[in-house]
Each structure stands twice: as structure tokens, then as C-alpha cells.
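[1] Got a predicted structure here, sequence first:
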There are 2 protein chains.
Amino acid sequence: MLQKVLTYIKTHQLCQPGDKILAAVSGGIDSTVLCELLHQLKYDFALLHCNFGLRAEDAEADQLFVKKLAKKYEVPFFTENFNTRAYAELEKISIQMAARALRYNWFEEVRQREGYDYIATAHHSNDITETILLHLTRGTGIAGLHGIPAKNGNIIRPMLSVTKDEIYDFVTSNKLIWREDVSNETTKYQRNKIRHEVIPVLKEINPSLEETMQQTAERVSHAENIVNAYIEQLRNQSIKETEEAVYLLLEPLRNATGLPVVLHELLRPFNFSYSVVLELIAALEGISGKQFESPTHTLVKDREQLVITPRNLSSFGSILINEGETTAQAGNLYFTLTYTDADKYKLSTKPHVAALDADELKFPLKLRSWQEGDWFVPLGMNGKKKISDFLVDRKVPANLKNQTLLLVSEQSVVWVVNQRLDNRFKVTDKTQRVLEISIERR
Amino acid sequence: MLQKVLTYIKTHQLCQPGDKILAAVSGGIDSTVLCELLHQLKYDFALLHCNFGLRAEDAEADQLFVKKLAKKYEVPFFTENFNTRAYAELEKISIQMAARALRYNWFEEVRQREGYDYIATAHHSNDITETILLHLTRGTGIAGLHGIPAKNGNIIRPMLSVTKDEIYDFVTSNKLIWREDVSNETTKYQRNKIRHEVIPVLKEINPSLEETMQQTAERVSHAENIVNAYIEQLRNQSIKETEEAVYLLLEPLRNATGLPVVLHELLRPFNFSYSVVLELIAALEGISGKQFESPTHTLVKDREQLVITPRNLSSFGSILINEGETTAQAGNLYFTLTYTDADKYKLSTKPHVAALDADELKFPLKLRSWQEGDWFVPLGMNGKKKISDFLVDRKVPANLKNQTLLLVSEQSVVWVVNQRLDNRFKVTDKTQRVLEISIERR
């Protein structure tokens, strides 16, 4: 097996003999074998271990086991504890996705900080077949069918040509001890079904199933590169980011090939599912204003563009600004309040700066989302206007509309934040003190 | 089920109520149901049936059954017998591929001749899942993962949303009779394994497996369209066809994304497998002259291009041309022989026309492949030259070299066909009769 791994490392140019390698080690059979392999191949290596805080004592025992393993090989040991559940909730992603993101981010951080060349993982050839079949069963695009690359940036997988049987032989002949893996039970259950019930049947049809799958995965991965290059080109033409929203221009997509896949990839960073993308496409020819939700974002079709905004601001409640306070925060908006004598004040023309007659205001001021029924007196006018009518007149897309904030003094709207002052609170000849409020998005 | 099929036809815009439809009917349960569906939905339809000549009496009984079915519905019946084995041998493809090609070619022929709008096949939703898993098990590129399109040119598949269970219910409630399908045993065995042993396990993981697979297939199919558009673009830049060979220029592929997949698609019409393409890529940086074989073609790397020629000519033996014969054939080359009096003859400068001194020739002439040791006296020279040296000097790529034919009179080479006359047989002042031989490739 040693020779097989060495050949694989050479033909796939994974790393050079002198390179420094971080081995990602859970303490299970595969990664225990990885350590022994790196040791026998005389690499300069260290052990990396994550505790995702999901399995209490078990996880601590794993951590201890890997620490001892590092001691046995007399190599450095790096470990970290994560609050995976909290991270998953914060990012609105699955526990598994969260663990994956945390793990690879931390791996790369350690690699750079400690001056290592590569991070090695213990994926083997059965993993490819299992992963493809699992993705296919759960539903996927071609990204789920490309298998596991031998090298991906600084991540290398020297054991990809090794089968599970060879791993079992290796631990026996090398008298290695490992810990049974008790991670994610659902995935484990599904993987076991595929490993023990599906793959043996498929191997009756094709005894070289693993090799075949490896080649299919490679072919899909080449095709994926072509697709990604095409999508990147369209991304540059169609995505425009501003402070308040991301705009996706529809014109460059007009004659796009494979539109559902293109649009799904363009909207993937905002967590829109393929099904929602199909609904969106069906609505593209329809009237403006239709709204779509992802776990993290809201998307509105607004004539020739899609307007995408984060959802957190829409659900922003309200905050109070007391007299004398000079800063306030709402979501990711930071407000700065500055008082100036009127005779020294110079009017700003920026939309995100409001200049108010300080003596007209009654504290505490309130910053809140607008509601149906709200009205104000737009600057330069005398009559009332409903906020809803004001927003419709300005053709504000629905999701930006939802994000509209009001600065309120007692029952009166003072400022439709970032859009228009109320006439009653403007700076006039009679104003003595000016309150300037400016906003910064962080 | 009627409603389900109708909705599927509408949402996928398969056809309009007035359209004329040809139903492809094997006589098995699925296609028998297709007939009943088209009947109940009041389409103007006819029945198409192929006899591939592979199963003797069984096939004839099928044919008869479908004929009776047409009678039952009082609709036209079209049938055809094929020599599938012979066609497969001729085209050097599998029996299955041959049957597929014959079937769809004939379908389209009947459609155009008889003035129908669409050809309907009885594929259903389980077919998609089974096909994808079967392709994945045997090895495939993304083309093998796109499932079965609802509409592909004039082919429509109105039953794609129907499950096998619904088909069984439908034949029961409609009291339909059908014939058990006894086609291709290997495929049937493999499909049965997947149907009865693999899919039930995967459905324990995902009970909506069929719907999921349908969506995955759709996503892959969009990605495939993107890949194909990219490859078409490169095909136009890199493939040049001439009479003697197909040339694949390497320069346009220099910075291609996903080169193995691109090259495989470009070489697919010449039946090169993905494995051979990988070997070819490994040899691209090497020296010229390396040769690769497919079942039908030979490919040689010749500096900045690949030269592709059919293999049949290489194995061409020899033919004799007797005195007085005015035509001869060798492979796909057709020779025309014309005698002219020397004083009336005008010399042709075309390379595929040879003008010879008829009285120097001894019949029968022989047309044969060149062999090691052959020599001639090139036109304009007096000394002998080995044919092998002549071909090397002219830098003829190895596979075209192999195809080089000689016209021989007794032991003497008269003409290196299409390349150079022998000096001893040229037309001179003393020539009385000119024999002009010209070649046409068909």
C-alpha cells in the first residue's frame, strides 16, 4: 500500500518529499492510517484535530486519542474547539455545512500561521463512490457528482486510490489502534446503507466500480470547470453590488445557455435553492414586484433586474435614541448624531445625512421599520403623504421597501431614512441648533 | 393518470391537441399503455414497430401483436425489419447502439414521409432513475447523467412523470393486454438488479427518489448544454476536413478548459474512448508520430495537429486491373481509366490524375498498399528511391503513410497514387497512347 500511495502522490503531483504536511485526524481508522503512512513515508508532518462540540465526552476522548497519537510520532499537535451549533444557526446552514466550513477555515489558518505546505485528508477510493451515490440519492447538480479531487488548493488526498479493504489490511499488519467514528448519525446511517446494501449489488454489474466511478468523477469535474468558466463570465456581466443591495441584471442572461443552472449558481451565495430558482424563472416574464425568499435573503423582480437584500434588516424591530447619545445602531447600520449651532452649519446634500432642527425634536427618538398607515410631510410639500404611496411613487423594489426605516419623534415621522426628510423638521431661518444624523453601513 | 399525463404534456409543451403523433410501440406494457393514453386523449396517432431481427419467432409475435393493436384502435400501422447484427458489424458498434440508431433513423423517415408531427416513446419516470444508475455503474460522462429529455427534436415522452406502479394500475383498470418484453438479456439483468435491489434501498434514504433524480437529470442536462456550446465553438476552430483525412489542430485547444472532456467529444465521432483520449493527452507534449487506434479510425500526432483516418483503407489488400477495363474500385476510391492518342492529349496537373505511357504498361496492373522494400524512380529523377524514404521526406503522417497505394506493372511501381509518378512510365515525345487514371473518393 505504501508504494501505491507513493505512486499516487507522484502521478498527481500532490506534494514533494521535503514538503511540510498537516494531517487532518479525527482518530478514526482512515486518518489513523494516514498518520502511519506519512510517518513511514518520512514526511515532516503534524496532526490537526477539530472538536465540533457536538458529542460531549466522546469528542473529548477523540481529542485525547489524537493528542497521544501526535506524541507517539513525536510531531506537533494542533487542536481547536468549535461551537458548531451556534455557527450553523448564525449562518442559517446545516450542522454539517457549518462543521465543514469551520474545519477548512481553521485548517488553512493553522497552515499559514505555522508555515506548512499542505493539509492532507484521509479520503479513500470508496469515499468517492459513496459520496456520488449519496449526493445522487439526495439530489444534486453536477457539483455533487465530481467526486473528491486529489488536490484542491492546499488540500491533498494521498489515499484516494486506496480501498477500504486495503486500509483494514494495513491496520492489521501494522498493529494500529484507532477509535470508532461516531460522528453524524444520519449521514452514517445513509452511508452505511449505500456501502453495505447498494455498492455490492452495483459491483455485481461492474466489479471495477470504484475505478469506473473515479473516472466518471474526473470527467464530470472537467465538465464542471467548463460550466464554471461560463458562469463566471456571466457573473461579471450581470452582478452589480451596491451598499444597499445586490443587483442581478437580466439582460446579460437573455440568451444564456442552461439558464436554470446559471441562475442557481449566481444566486447560490444568497442561499436560493434550485426549486426557488425554477419558480423565479417561471415568473421572469411576469410583472415586477414578485418576491422570493431564501433562508438568508429576499429577492424581488424589479423590471430588468433582480434585487437581492439580506433578510435580517427586514425583521429589525426598533431602537430608541436618547437625548445626548451620539451613536446608535440598527442591524448593520451605524448612526452618528452631531449637534451644531445653526450659524456655523453647512448643509450636506448627501442622502444618508439628515439635517434636522434640533429644537423641534422630542426625545427619545425612535428608529423603526415603516408600517402600513405611516405618513409624513415630504420635504418641500405641505400635505401629508402615506409612506406606502411615497415608496410606490419612487418605485422602490419590494425588498428595499421592507427595509425602509423611519426616524420618529413622538408620533411624527422625522426622516424616511436615506430617502426624504419631513418638512416639519427641516432646518429653517429660525433654527438655532442643527442635529445632523449620518449613517454608515458596516 | 390521464390528467397527470395531460398536465405533463401542457407544462412541457410537448405537442398541441391537433398534432399527429407516431407512437413507438414494442408491445410491452409501457408502450401498450402509451397507445391507450393517446387513444383516450383523442390524439390522431399511428403505431410504429421495429423488428430488429434478433429474436426470431418472439419478434414476429411482437410484430403481430402490435399490428392487432393498431387494428383495435383503427389507426395506421408502420413496421420495418432490420438486419441489426449486420449493421452493427458494418459500423463497428454494439448491437444496442445499432438498434438505437436504426430505430430513430427509421422513425424520423416515416414521420417525414407520412406527415406526422411527433414521435412519442413510452419512457416513464422509473426509466430515468434506472438509466442514470446504470450509466453511473458502467462509467459515463455527463451525457450519461442527463436522464431522458421530455422533448428532443421531434421525439416526445409524455409518460415521463408516470411511475411504474401507476402503469400497473392503469393496465388493470383498463383491462389491457400486453406482451412481456424479452429484449436484450444483459441489459435486462442489470436493470433488474438496479430496479429490485438498489433503488428500494436508495428510497429508504429518499422516498421521493424518482422526483429527485428527475430534477438532478434536468440540472445535469442544462450543464451539458453549456459544455456542448463550448465544445462546438472549439470544434469549429480546430477540426478541418479534407478528402484524405480529418485534421484536428491543437493550437485552438492550447488553453481549453476541461481538455480531456473537450478532446473526447471532438474525437467521439471517430469512436475514440475516454481512456485512449487520456493516453493521447499524456503524449501530446511528446514527439510526433505516435499512433492511436479506435475501432474505426487511426489517429497520429503530427506536430501541431492530429491526423485522423478511417482504418478500412489500411487493411486494403490488392486488386487487379485488366486490359480494357475502364473503372476499378479500392475501398472508397473509384478509379477511371481513359485512353487517348498522344497527339490529342492535354496534360492534367491535378495530383489525383496520372498520365502514363500506355505502351510501357504490362497488364494486369495491380493496385496495392505499399510495403517495406518497395522502391520507384520518382518523376524527374533517374535513381531509385525507397517508398519509405519518399514518404518520410514528404513528412506524410504515419496513418496517411499506411494508406498509400501503389499502382504496379509487373514488379515496377508505376504511380505512388495521388503523390508521384514513376519516371519510367511518364508521357514522353515518343508516347503514342496515353492512359489517364483519375480517382474519386465516394
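    Perfect, thanks for sending it.
[2] pLDDT at whatever residue of the stretch 101-250 of chain A ends up closest to chain B, what is it?
    Per Cβ to the nearest Cβ, residue A:222 is where the stretch 101-250 of chain A lies closest to chain B, at 3.4 Å. Just so you know, the C-beta spots here come from the backbone N, C-alpha and C atoms, and that holds for glycine as well. pLDDT, residue A:222: 92.
[3] How about the one 3 residues further on?
    At residue A:225 the predicted local distance difference test score is 92.
[4] in terms of contact, does it touch residue B:257 like I think?
    Yes - taking contacts as Cβ atoms under 8 Å, residue A:225 lies within contact range of residue B:257: 5.0 Å.
[5] still on that earlier bit, pull the contacting residues for the residue of the stretch 101-250 of chain A closest to chain B.
    B:257, B:258, B:259, B:260, B:261, B:262 (Cβ atoms under 8 Å, 6 or more residues apart in numbering or on different chains).
[6] hmm, which of those residues are the buried ones?
    Among these, the ones that count as buried by 16 or more other Cβ atoms under 10 Å in any protein chain shown are B:257, B:258, B:259, B:260, B:261, B:262.
[7] filter those by proximity to chain A?
    B:257, B:258, B:259, B:260, B:261, B:262 (Cβ under 8 Å from any Cβ of the partner chain).
[8] Quick one: these as CSV, columns for pLDDT and secondary structure too.
    Output for those, formatted as CSV (pLDDT from 0 to 100; DSSP: H, G, I helix; E, B strand; the rest coil):
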residue, pLDDT, secondary structure
B:257, 93, coil
B:258, 92, coil
B:259, 93, helix
B:260, 93, helix
B:261, 94, helix
B:262, 95, helix
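[9] so which two of those residues are the farthest from each other?
    Pairwise distances across those (Cβ to Cβ) peak at 10.7 Å, for the pair B:257 and B:260.
[10] tally of neighbours for residue A:394?
    Per other Cβ atoms under 10 Å in any protein chain shown, the neighbour tally for residue A:394 reads 13.
[11] close enough to count as contact, it and residue A:419?
    Yes - with contact defined as Cβ under 8 Å, residue A:394 counts as touching residue A:419 (7.1 Å).
[12] so what's in contact with the two at the same time?
    Common contacts of residue A:394 and residue A:419 (Cβ under 8 Å, 6+ apart): none found.
[13] Can I take it that residue A:348 is in a helix?
    No - under DSSP: H, G, I helix; E, B strand; the rest coil, residue A:348 falls outside any helix and is assigned coil.
[14] Now for it, how many residues are close by?
    Neighbours around residue A:348, by other Cβ under 10 Å: 12.
[15] Equivalent analysis for residue A:383, please.
    Using other Cβ under 10 Å, residue A:383 has 8 other residues around it.
[16] how far does stretch A:19-31 stretch from start to finish?
    19 Å (Cα to Cα, to the nearest Å).
[17] List the buried residues of that stretch.
    Buried residues in stretch A:19-31 (16+ other Cβ under 10 Å): A:21, A:22, A:23, A:24, A:25, A:26, A:27, A:28, A:29, A:30, A:31.
[18] Tell me the spacing between the one residue in the stretch 301-442 of chain A that gets nearest to chain B and residue A:300.
    Nearest residue of the stretch 301-442 of chain A to chain B (Cβ to the nearest Cβ) works out as residue A:306 at 18.6 Å. Using Cβ to Cβ, to the nearest Å, one obtains 7 Å as the distance from residue A:306 to residue A:300.
[19] Neighbour count for those two, which is higher?
    Ranked by neighbour count (other Cβ under 10 Å), residue A:306 and residue A:300 place residue A:306 first, with 26 against 22.
[20] what does the stretch 101-250 of chain A have sitting close to chain B?
    A:132-134, A:136-142, A:145, A:190, A:193-194, A:197-198, A:201-202, A:204-206, A:209, A:212-213, A:215-216, A:218-220, A:222-227, A:229-230.
[21] Narrow these to those in strands?
    When DSSP state E defines the strands, the subset of those inside them is empty.
[22] and residue A:341, what does it touch?
    Shown in contact with residue A:341 (Cβ under 8 Å, 6+ apart): A:432, A:433, A:434.
[23] helix, strand or coil for the nearest residue to residue A:9 once chain neighbours are set aside?
    Leaving aside its chain neighbours, residue A:9 sits nearest to residue A:158 (5.2 Å; criterion: Cβ to Cβ, 6 or more residues apart in numbering or on different chains). Three-state call for residue A:158 (three-state DSSP): coil.
[24] what about residue A:158, how many residues close to it?
    Other residues near residue A:158 come to 29 when the count uses other Cβ under 10 Å.
[25] Now do it against residue A:39, distance only.
    The value you get for residue A:158 to residue A:39, if Cβ to Cβ is used, is 13 Å.
[26] if we can go back for a sec, what's the residue nearest to residue A:9 in contact with, if anything?
    Applying Cβ under 8 Å, 6+ apart, we find residue A:158 in contact with A:5, A:8, A:9, A:14, A:34, A:37, A:120.
[27] Looking at these, which one is closest to chain B?
    Relative to chain B, and with distances defined as Cβ to the nearest Cβ, the nearest of the contacts of residue A:158 is residue A:8, at 15.8 Å.
[28] Test of understanding: give the bridge partners of residue A:413.
    residue A:408 (DSSP bridges).
[29] Extract the residue ranges of chain A that are flagged as low pLDDT.
    For chain A, the stretches with pLDDT under 70 are A:181-187, A:312-317, A:331-332, A:349, A:351, A:441-442.
[30] what domains does the record give for it?
    A:2-221, A:242-310, A:314-441 (automatic domain parsing).
[31] Which among the ones you listed is found nearest to residue B:275?
    The closest of those to residue B:275 is domain A:2-221. By Cβ to Cβ, the value is 7.9 Å.
[32] That closest one: end-to-end distance?
    Using Cα to Cα, the two ends of domain A:2-221 sit 27 Å apart.
[33] Stretch A:151-170 now?
    Per Cα to Cα, stretch A:151-170 runs 24 Å from first to last residue.
[34] just stretch A:427-438 next, same as before
    Distance between the two ends of stretch A:427-438: 15 Å, counting by Cα to Cα.
[35] Kindly indicate whether the residue of the stretch 301-442 of chain A closest to chain B is helix, strand or coil.
    strand.
[36] where's the spatially closest residue to residue A:52 that is not a sequence neighbour relative to chain B, distance?
    Counting by Cβ to Cβ, 6+ apart, residue A:52 lies nearest to residue A:84, which is 4.3 Å off, once chain neighbours are set aside. For residue A:84, the distance to chain B equals 23 Å [Cβ to the nearest Cβ, to the nearest Å].
[37] how far out from the middle of the chain is the helix or strand hosting residue A:45?
    Counting by DSSP states H and E, the element that carries residue A:45 is strand A:44-51. Taking Cα atoms, centre = their mean, to the nearest Å, one finds strand A:44-51 lying 25 Å from the centre of the chain it belongs to.
[38] neighbouring strands for that strand, and are they parallel or not?
    By DSSP bridges, strand A:44-51 pairs with strand A:20-24 (parallel), strand A:77-81 (parallel).
[39] From the rest of the structure, what touches the following helix or strand past the first one?
    Under the assignment DSSP H and E, the closest C-terminal helix or strand after strand A:20-24 is helix A:29-40. The list of residues contacting helix A:29-40 from outside it, by Cβ under 8 Å, 6+ apart, reads A:1-2, A:5, A:21, A:23-25, A:45, A:47, A:69, A:73, A:120-124, A:158-159, A:167-168, A:170-171, A:174, A:176-179, A:181.
[40] Can you tell me the number of residues neighbouring the residue nearest to residue A:52?
    Neighbours of residue A:84 (other Cβ under 10 Å): 22.
[41] thought it was touching residue A:99?
    Yes - contact status for residue A:84 versus residue A:99: in contact at 5.2 Å, counting by Cβ under 8 Å.
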